[in-house]
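**Student:** Sharing a sequence plus its predicted fold:
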Amino acid sequence: MASVPEYTTSSNDFRSDTFTIPTPEIWQTVAEASLGDSIYEEDRDTSLLEQRVAQEYLGGKLCANAEARGLFCMSTTMSNQLAIRTHLNFAPPYSVLCDKRAHVYVDECAGIAVLSQALVIPVTASNERFLTLQDIKDNYIPDDGDIHLAPTKLICVENTLHGMCFPYDELKRISDWCHEEGIKLHLDGARLWNAACASSDRDPKQYMQDIAALVDSASVCFSKSLGAPIGSMLIGNPNFRKKARHLQKQQGGGIRQAGFIARIANYCLSINFPATVTEVSRRTIEFWFDLHATLKRDYGMELQLAHPVETNFIFVDLARSGINLNKFLEIGQANNVKLFDGRLAFHYQNISSVSLSTLKRTFIDVASYYQQNEYTPDERSARIY
Ligand SMILES: Cc1ncc(COP(=O)(O)O)c(C=O)c1O
Ligand SMILES: C[C@@H](O)[C@H](N)C(=O)O
């Protein structure tokens with residue numbers, strides 16, 4: 001794993017894995033970047049990255065043995081919304097079903113409703129971890145000719161979702177059912193890299209290829225755990241890519257000399273996957289168990305989780321842990337630790353021993369505070385996690 005020098009603005013930032021900053025080595029890669037206009041598909045680095053991700057990482061195949069092709073996008077919000085619009089390239093009414101915590105539903109500015117004019121069916125995962133086929137069957141809208149309804153034509157799954165991996169076997173069941181029902185399946189794989197590295201008993205690339213073979217399209221992101229400043233890849237079959245590229249241009253998402261962005265993304269992919277991504281998850285899990293044990297043993301505070309810790313996120317349920325959000329943020333600030341709330345995001349620039357000990361210090365200060373003070377509930381509601 002690359003040595004992680006201290007960074008001034010990201011080494012203490014646990015708000016998200018999107019807060020990494022470009023390193024000097026990243027900037028050095030730009031010098032050799034190609035300079036073609038990628039709107040005319042003339043940029044070498046962009047085309048190479050599109051081919052590399054589709055072929056080397058996703059195995060060149062999507063479900064039903066469809067050829068996988070890549071379309072380089074500015075963000076995963078864009079690649080997700082392009083996928084949804086491309087799949088729904090016929091007249092509404094129709095609906096899109098997803099987990100109620102999904103990024104496409106919670107964090108993409110109602111794009112599904114606004115850009116695709118679709119009804120969204122946000123579903124609560126009955127196991128609180130991932131949507132099961134039964135959850136989907138219990139909530140989707142069948143295309144049975146009833147003129148009151150908006151039939152479900154697309155299902156969006158997310159892997160990882162809040163750091164939790166989507167089990168392959170369940171996704172296989174969902175995929176098989178979708179294709180029997182004539183429903184498309186999109187994967188928001190912004191952190192598919194993390195899911196691929198979550199288990200030591202499988203090859204990460206093979207895992208990604210196996211997942212890709214279950215879906216009709218996928219987004220994978222370079223600006224999360226891979227540490228690139230910009231970029232996402234939308235994967236679909238050739239006709240899908242052609243339509244998505246048309247819609248991308250319409251949305252102003254066509255990129256002229258994209259070579260330097262693509263080259264940086266390619267560089268980050270090469271140096272951070274799989275070893276760095278794997279190590280970040282290992283240190284995240286190790287940190288959680290040490291923190292939980294320390295607070296319980298030395299301060300009588302038993303932290304509660306909102307979700308299991310499987311990759312690079314720890315979701316502390318502050319309320320159930322008896323921690324007021326504002327007090328938590330106040331003590332974090334006093335330790336110069338950047339936090340949003342109980343969600344702790346780990347990345348390759350905040351997992352040094354210095355960074356982790358500062359975060360642990362923050363929690364120890366919180367536990368010490370509550371040895372002297374009563375817990376007071378928060379006024380504002382917590383974010384949907
Ligand atoms: C699961 C997931 N999908 C998509 C996105 C959107 O990515 P971007 O910030 O590049 O639009 C994010 C956020 O970073 C995310 O966490
Ligand atoms: C907020 C959201 O867009 C971002 N993907 C994050 O996880 O921080």
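**Tutor:** Perfect, thanks for sending it. Bear in mind the structure is a predicted one, so any value in this text is a computation, not a measurement. Ligands and ions are numbered 1, 2, ... in the order given.
**Student:** The one helix or strand residue 185 maps to: partners in the sheet, and parallel or antiparallel?
**Tutor:** For residue 185, the enclosing helix or strand under DSSP states H and E is strand 184-189. Sheet pairing of strand 184-189 (DSSP bridges) gives strand 152-158 (parallel), strand 217-221 (parallel).
**Student:** which other residues reach the shortest one?
**Tutor:** Around strand 217-221, the neighbours that count as contacts under Cβ atoms under 8 Å, 6 or more residues apart in numbering are 53, 57-58, 62, 73, 75-76, 79-80, 83, 86-87, 184, 186-193, 211-212, 231-236, 240. Every C-beta, even on glycine, is put in place using the N, C-alpha and C of the backbone.
**Student:** Just the pLDDT at the closest residue to ligand 2 within the chain, thanks.
**Tutor:** For the chain, the residue closest to ligand 2 is residue 16, as judged by Cβ to the nearest ligand atom, at 3.2 Å. As predicted, residue 16 sits at a pLDDT of 97.
**Student:** Can you tell me the SS state at it?
**Tutor:** Look at residue 16: counting by DSSP: H, G, I helix; E, B strand; the rest coil, its state is coil.
**Student:** just the one 10 residues further on next, same as before
**Tutor:** In three-state terms, and counting by three-state DSSP, residue 26 is helix.
**Student:** Would you check how far apart it and residue 100 are?
**Tutor:** 36 Å (Cβ to Cβ, to the nearest Å).
**Student:** same thing with residue 156?
**Tutor:** From residue 156 to residue 100 the distance is 12 Å (Cβ to Cβ).
**Student:** try residue 240
**Tutor:** From residue 240 to residue 100 the distance is 26 Å (Cβ to Cβ).
**Student:** Which one's more surrounded, these two?
**Tutor:** A direct count of neighbours by other Cβ atoms under 10 Å for residue 240 and residue 100 places residue 240 higher, at 25 against 14.
**Student:** Got the phi and psi for the residue of the chain closest to ligand 2?
**Tutor:** For residue 16, the backbone dihedrals are phi -160, psi 160 (criterion: degrees, to the nearest 10).
**Student:** what do you get for residue 98?
**Tutor:** phi -150, psi 170.
**Student:** Show the contacting residues for it.
**Tutor:** 104-105, 120-123, 131, 155-158.
**Student:** From residue 191, how far off is it?
**Tutor:** 16 Å.
**Student:** what about the residue of the chain closest to ligand 2, neighbour count?
**Tutor:** Neighbours of residue 16 using other Cβ under 10 Å come to 15.
**Student:** contacting residues around residue 121?
**Tutor:** 95-98, 139-141, 152.
**Student:** I'd like to know which elements the longest helix along the chain is packed against.
**Tutor:** As assigned by DSSP state H, the longest helix anywhere in the chain is helix 275-299. Applying 3 or more Cβ pairs under 8 Å, 6 or more residues apart in numbering; DSSP states H and E, one finds that helix 275-299 contacts helix 192-196, strand 313-315, helix 353-372.
**Student:** so which of those is the most packed in?
**Tutor:** helix 192-196 (a mean of 28; mean count of other Cβ atoms under 10 Å).
**Student:** What are the neighbouring residues in contact with the residue lying closest to residue 100 once chain neighbours are set aside?
**Tutor:** Excluding the flanking residues, the one nearest residue 100 by Cβ to Cβ, 6 or more residues apart in numbering is residue 122, at 3.6 Å. Residues near residue 122 by Cβ under 8 Å, 6+ apart: 98-100, 102, 105.
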